[in-house]
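K.L.:
quick one, what's the 3D model for this:
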Amino acid sequence: MAQAKVGDRVKVHYTGFLEDGSIFDSSLDGEPFELTLGEGMVIKGFEDAIVGMSEGESKTVSIPPEDAYGPYREDLVIVLDRAEVSLGFEPIVNMPLKLQSPDGKVFNVFVKSVTPETIELDANHPLAGKELIFEIKLIEIVA
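P.N.:
Presented below is the predicted three-dimensional model:
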């Protein structure tokens, strides 16, 4: 039976869990997820887990942060003085925002904390620093 290799287009079903068992993503309620292995469409550990699988095969893999969304970086957390920020609305914890730097780059951030004096923003991916567990089933090797 053929095994998936880099360059193959594949369809998989998956469920992603955190170490506490909570689900953060799943394809089970819809069509299988389709990707080409080696194109970097998904995190490295997810692609690596599919390589070598046969159609119909299932596996559970644990992916460390360095093969997922990287380590949590404190340097990507900034604290802004509320007096210097005019958002036009009241920020709430976990609210996603887009910031634009003076050179025009756009950054996705989340509100980490809010006090009467400050707003703390976090530019880390929400899954940065976390071990991810995936249940993966290779549905089809398309080509």
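K.L.:
not counting sequence-adjacent ones, nearest residue to the residue in the chain sticking out farthest from the centre?
P.N.:
Relative to the C-alpha centroid of the chain, counting by Cα atoms, centre = their mean, residue 83 is the outermost residue, at 32.8 Å. Nearest residue to residue 83, sequence neighbours excluded (Cβ to Cβ, 6 or more residues apart in numbering): residue 117, at 7.9 Å. Using the backbone N, CA and C atoms, a C-beta is placed for each residue, glycine as well.
K.L.:
correct me, but that neighbour touches residue 81?
P.N.:
Yes: counting by Cβ atoms under 8 Å, residue 81 is a contact partner of residue 117 at 6.9 Å.
K.L.:
confirm the residue farthest from the centre of the chain sits in a strand?
P.N.:
No: per DSSP: H, G, I helix; E, B strand; the rest coil, residue 83 lies outside any strand segment and is helix.
K.L.:
how far away is it from residue 105?
P.N.:
25 Å (Cβ to Cβ, to the nearest Å).
K.L.:
cool, and residue 51?
P.N.:
Taking Cβ to Cβ, one finds residue 51 at 33 Å from residue 105.
K.L.:
neighbour count winner among these two?
P.N.:
residue 51 (14 against 8; other Cβ atoms under 10 Å).
K.L.:
list the contacts of that one.
P.N.:
Contact partners of residue 51, counting by Cβ atoms under 8 Å, 6 or more residues apart in numbering, are 3, 4, 5, 6, 37.
K.L.:
ok, now residue 82?
P.N.:
Contacts of residue 82 (Cβ under 8 Å, 6+ apart): 115, 116, 117, 118, 119.
K.L.:
spatially nearest residue to the last one (excluding sequence neighbours)?
P.N.:
Using Cβ to Cβ, 6+ apart and skipping residues adjacent in sequence, the residue nearest residue 119 is residue 80, 4.9 Å away.
K.L.:
alright, I will stop here.
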